[in-house]
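Asker: With the sequence up front, the predicted model follows.
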Amino acid sequence: MLRDFAKHDEDFGHLKQTYELWTNATISAASKVLIDAENARQLVYLIGYREGEAPPERDQRIRGQIAA
């Protein structure tokens, strides 16, 4: 209901919508390219993102992802 109001209101209807992805890890370079491409293509909305930190090497070693 609120979104429909905003879409058709003369003060809000022309504004670009913004969506934001929040992650608890880093986003791959390929994913960033896709997000940037979508942002370049879209006129109605913008996609942003907030990345978490990459896990420390010690934590990766514990999980068996890096050989000691």
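Answerer: Looks like it arrived, so ask away.

Asker: average pLDDT across stretch 17-32?
Answerer: Averaging pLDDT along stretch 17-32 gives 89.

Asker: Quick one: end-to-end distance for that stretch.
Answerer: End-to-end distance of stretch 17-32 (CA to CA, to the nearest Å): 19 Å.

Asker: So what touches it?
Answerer: For stretch 17-32, the external contacting residues (CB atoms under 8 Å, 6 or more residues apart in numbering) are 35, 44-55. C-beta: built from backbone N, CA, C; applies to glycine.

Asker: what's the distance between residue 37 and residue 30?
Answerer: 11 Å (CB to CB, to the nearest Å).

Asker: Name the next helix or strand downstream of the host helix or strand of residue 30, please.
Answerer: In the assignment (DSSP states H and E), residue 30 maps to helix 29-41. Of the helices and strands lying after helix 29-41 in sequence (DSSP H and E), the nearest is strand 45-50.

Asker: Which elements pack onto that following strand?
Answerer: For strand 45-50, the elements it packs on are strand 17-22, helix 29-41, judged by 3 or more CB pairs under 8 Å, 6 or more residues apart in numbering; DSSP states H and E.

Asker: Next, the angle strand 17-22 makes with the longest one.
Answerer: Going back to what we said before, that points to helix 29-41. Helix 29-41 and strand 17-22 are oriented at 170 degrees to each other (axes from the mean of the first three to the mean of the last three CA atoms, to 10 degrees).

Asker: still on that earlier bit, of the contacts of stretch 17-32, which count as buried by neighbour count?
Answerer: Buried members of those, scored by 16 or more other CB atoms under 10 Å, are residue 35.
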